[in-house]
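[1] Next come a sequence and a model predicted from it.
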Amino acid sequence: MKKWARLLYQPGIPLYGDTRITGSKEHIGVSRKAASEGIVLLKNNGTLPLSMDKKVALIGKASVDYVKGGGGSGDVFCKYIHSLYDGLRAKDIAVYEPLVRFYKDEIQKQYKEGLAPGMTREVKIPDDLLEGAKSFTDTAIVVLNRFSGEGWDRSSIECNNEYNPWPSETSMPKISGQIFPDGDFYLTSEEKEMVETACAGFDKVIVVLNIGGIIDLRWAKENPKIDSVLFIGQGGMEGGDAAADVLFGIVNPSGRLSDTFAGTLEDYPSTEKFHESFDYVDYNEDIYVGYRYFETIPGADKKVVYPFGFGLSYTSFETKVVDAVSFDGEIVFTVKATNTGNVPGKEVVQLYYGAPQGLLGKPSKALGDFEKTRNLLPGESQLLTLKVSEYEMSSYDDLGKISDAAYVLEKGTYKFYVGSNVRDARKTEFEYENPADKVIVQLSHKAAPVSLKERMLSDGTYEKLPLGDDRDINECIFEKMEPGTEEALLPAQKSLPIRSLINPYKEGAKSFDEVAEGKATLDEFVGQLSDDELIDLVGGQPNVGVSNTFSFGNMPEYGVPSAGTADGPAGLRISPETGIVTTAFPCATTIACTWNKEIAEEIGFAGGEEVKENNLAVWLTPAINIHRNPMCGRNFEYYSEDPYLTGKMAASLVCGIQRNHIGASVKHFACNNKETNRKHADSRVSERALREIYLKAFEIIVKEAQPYTIMSSYNALNGYRASENTDLLTGILRDEWHFDGIVTSDWWTRAEHYKEVNAGNDLKMGNGFPDRLRKAMDAGALSRDVLETSAKRILSIILKFD
Ligand code: BGC
């Protein structure tokens with residue numbers, strides 16, 4: 001095939017051989033494997049695994065209505081979705097069927113009433129069915145689910161400000177408020193009653209949580225009548241089968257939590273001001289996010305129900321540090337993990353470091369590295385290597401307490417902890433003495449806050465931060481477009497002059513093929529383009545083939561193909577109208593719970609194959625914002641509260657995707673940690689928290705996986721919209737980290753196109769605003785040089801597609 005044949009001619013041919021791989025059995029197998037490895041066993045008194053001849057009663061509408069992932073652009077259209085009931089039936093497990101029929105009818109009724117999938121009410125079990133179930137079996141499996149999605153948070157608060165181009169769409173915050181009057185973090189009264197009914201009526205009660213984020217689990221942990229609890233996440237199209245595999249011991253659970261589960265929403269320090277304003281969010285808890293808060297701040301440890309990294313197994317493990325050496329700025333641990341139980345299983349070995357408090361203050365523990373074993377047979381051991389560097393352990397000094405605007409390694413003793421979760425990790429004998437404060441990297445202030453008044457310190461008190469002049473995020477040299485007028489627009493179709501088949505390209509032009517073949521340089525190619533052609537190139541282009549999030553490139557008069565984009569992250573999202581169904585993988589949080597980098601890479605590769613087979617070029621995946629607060633509606637699309645776990649897992653995914661010579665788009669850069677009013681809210685964050693928490697995963701991915709594209713976020717960051725933030729997109733991303741791909745905006749931002757290009761946001765999606773760019777050029781606010789730089793980046797990436 002000719003280079004770019006898939007982009008240029010859109011052939012409907014399979015990637016390999018005669019059969020398409022999109023939505024194939026093989027890919028669904030990858031999805032299921034990931035779903036089962038992402039399942040976390042939270043409690044077990046020996047009831048699990050069940051024996052194959054065990055009869056069960058399924059309690060709860062979620063047993064027949066599986067939530068495979070969240071909603072919005074992260075949703076995926078697949079061939080089928082298997083519920084837990086489907087998973088059990090496929091194994092011939094005897095299930096009390098009358099109750100299943102009852103739930104199926106109820107769900108259909110509620111859907112007819114207009115309730116959305118996954119957002120339905122729990123229903124009371126009729127007495128006769130309950131009696132029937134009790135005489136059928138002594139074992140109840142209680143299933144609960146939750147649903148959330150893009151554009152709204154897990155609360156009943158409506159956004160005040162975001163223009164909704166689809167106004168008739170169901171208001172999810174409103175439905176959420178009706179179904180979950182106390183918020184969906186807590187059980188509803190109907191759910192509580194259901195749990196009580198199960199506990200009163202059955203000897204054995206197993207709770208299964210089909211949930212993409214954190215909820216209150218005190219009731220499950222503390223109730224002695226509940227024997228076992230399984231957090232199955234949102235596991236994609238065969239998530240119900242994966243859960244059945246674990247329940248019946250076909251798969252030994254090896255997932256670990258990627259977040260800290262606390263008892264109440266208020267236990268998370270970010271909750272207090274989460275909804276304080278539509279216009280800004282103050283990140284006052286600073287670096288004390290997730291376990292960094294719960295394990296450090298005095299008294300906060302008592303709020304934890306299940307700690308970060310926690311997960312049980314049907315077997316037991318012993319981990320021993322057999323060696324620890326410090327060499328060239330890196331500390332390397334060799335750890336032996338042994339299966340000391342009776343069945344095969346996988347262990348996740350976690351290494352935490354504890355830096356001295358020093359002048360800056362530190363979390364008492366931070367994840368330094370992790371590795372997962374292979375499936376170890378009883379008695380079998382595996383040696384694992386875990387590493388942590390001085391750079392990782394250093395802190396960003398944004399107030400010049402040691403050395404201004406530098407990563408510093410403070411003097412003192414660095415301690416290390418190895419174990420199976422943040423709580424249980426045991427201190428190793430090895431310590432690292434740093435005799436004097438050391439500057440690891442000297443940088444300069446970038447993206448500093450001007451309106452964040454104070455931030456939390458490691459003893460739970462707050463320190464004042466310097467303030468600056470307020471900034472107007474809407475500042476513009478000409479009048480801004482009215483909110484909404486730039487929303488949901490389609491990129492213009494080009495009208496081209498009649499061209500000849502014999503000489504298809506513009507008269508006298510150097511074609512893009514010549515650049516690909518090394519006969520012309522990119523500089524020569526770009527140099528011949530007019531200002532208007534450059535302006536056109538830095539905006540999104542019409543859809544091609546089955547893409548529905550538009551394309552870029554598209555200069556047929558020069559032979560530049562259109563590179564189509566499509567959403568993720570839980571699978572390739574192609575509109576159902578095309579007749580194509582793809583593989584729905586588990587949501588990102590469930591992938592994170594596998595703690596298995598190889599699985600992330602496998603998913604990336606398989607998803608990337610589907611992207612390529614469907615003649616698309618960029619997959620808008622992975623989404624890696626930090627789980628700052630359980631209420632963020634898109635947390636299911638994101639990995640974890642921890643930047644290292646997020647960065648490592650998503651870097652593996654990106655490597656997998658890009659092995660196909662198609663691009664990943666790492667999103668949303670940065671601090672899109674709340675959905676309410678996401679296009680306008682200003683995230684006000686200290687430089688330290690930015691660098692150590694919110695940018696860290698992006699940094700890891702850029703350095704380890706060189707993603708072709710990064711998507712800037714809608715929100716503002718410290719007074720500048722992220723896509724107009726020069727410090728972020730040029731200062732940090734390119735100058736410090738050496739990112740050499742394209743930065744795209746998120747789709748239809750409220751930012752101004754000329755300011756975006758100037759800041760280093762190369763491509764405005766879904767469409768550009770050529771007239772406004774021209775106007776800015778005429779006014780001297782945009783130069784040809786800047787346009788050429790972005791054009792070259794865009795074209796360089798297209799050259800990588802194959
Ligand atoms: C979302 C992105 C998504 C894009 C294209 C935006 O609303 O924030 O994550 O990739 O739409 O669908």
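    Here it is on my side, so go on.

[2] only C-alpha atoms for contact and neighbour calcs from this point on.
    Fine.

[3] Please name the bridge partners of Val441.
    Under the criterion DSSP bridges, Val441 forms beta bridges with Tyr407.

[4] Name the helix or strand of this structure that has the lowest mean pLDDT.
    Within the chain, no helix or strand scores below helix 172-179, which has a mean of 90 by mean pLDDT, DSSP states H and E.

[5] hmm, who's touching that one?
    Contact with helix 172-179 is made by 115, 119-121, 152-158, 183-184, 188, as judged by C-alpha atoms under 8 Å, 6 or more residues apart in numbering.

[6] Helices of the stretch 351-500 of the chain, start to end?
    390-393 (DSSP state H, counting those that start in this stretch).

[7] Pick out the residue in it sitting closest to the ligand.
    The ligand sits closest to Ala488 of the stretch 351-500 of the chain, with a gap of 9.9 Å, by C-alpha to the nearest ligand atom.

[8] Where does pLDDT dip in the stretch 251-400 of the chain?
    Scanning the stretch 251-400 of the chain for pLDDT under 70 picks out nothing.

[9] Identify each buried residue in the host helix or strand of Ser31, please.
    Following DSSP states H and E, one finds Ser31 within helix 25-37. For helix 25-37, a neighbour-count test (16 or more other C-alpha atoms under 10 Å) marks His27, Ile28, Val30, Ser31, Arg32, Lys33, Ala34, Ala35, Ser36, Glu37 as buried.

[10] Kindly reformat these as JSON lines containing pLDDT and distance to the ligand.
    Below are these laid out as JSON lines (pLDDT from 0 to 100; distance: C-alpha to the nearest ligand atom, whole Å):
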{"residue": "His27", "pLDDT": "98", "distance to the ligand": "22"}
{"residue": "Ile28", "pLDDT": "98", "distance to the ligand": "23"}
{"residue": "Val30", "pLDDT": "98", "distance to the ligand": "23"}
{"residue": "Ser31", "pLDDT": "98", "distance to the ligand": "21"}
{"residue": "Arg32", "pLDDT": "98", "distance to the ligand": "24"}
{"residue": "Lys33", "pLDDT": "98", "distance to the ligand": "25"}
{"residue": "Ala34", "pLDDT": "98", "distance to the ligand": "22"}
{"residue": "Ala35", "pLDDT": "98", "distance to the ligand": "22"}
{"residue": "Ser36", "pLDDT": "98", "distance to the ligand": "26"}
{"residue": "Glu37", "pLDDT": "98", "distance to the ligand": "25"}
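
[11] Distance to Lys109 added to those residues, as JSON lines?
    Listed next are the buried residues of helix 25-37 as JSON lines, based on distance: C-alpha to C-alpha, whole Å:
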{"residue": "His27", "distance to Lys109": "33"}
{"residue": "Ile28", "distance to Lys109": "30"}
{"residue": "Val30", "distance to Lys109": "34"}
{"residue": "Ser31", "distance to Lys109": "30"}
{"residue": "Arg32", "distance to Lys109": "30"}
{"residue": "Lys33", "distance to Lys109": "33"}
{"residue": "Ala34", "distance to Lys109": "33"}
{"residue": "Ala35", "distance to Lys109": "29"}
{"residue": "Ser36", "distance to Lys109": "31"}
{"residue": "Glu37", "distance to Lys109": "34"}
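
[12] Show me the two of those residues that sit farthest apart.
    Greatest spatial distance among the buried residues of helix 25-37 (C-alpha to C-alpha): His27 and Glu37, at 15.5 Å.

[13] Go ahead and flag the most central residue of the protein.
    The residue lying closest to the centre of the chain (C-alpha atoms, centre = their mean) is Tyr638, at 2.0 Å.

[14] so what's it closest to, chain neighbours aside?
    Take Tyr638 and drop its neighbours on the chain: the residue closest to it by C-alpha to C-alpha, 6 or more residues apart in numbering is Ile624, 4.9 Å away.

[15] What count of nearby residues applies to the one you found?
    Other residues within reach of Ile624, judged by other C-alpha atoms under 10 Å, total 31.
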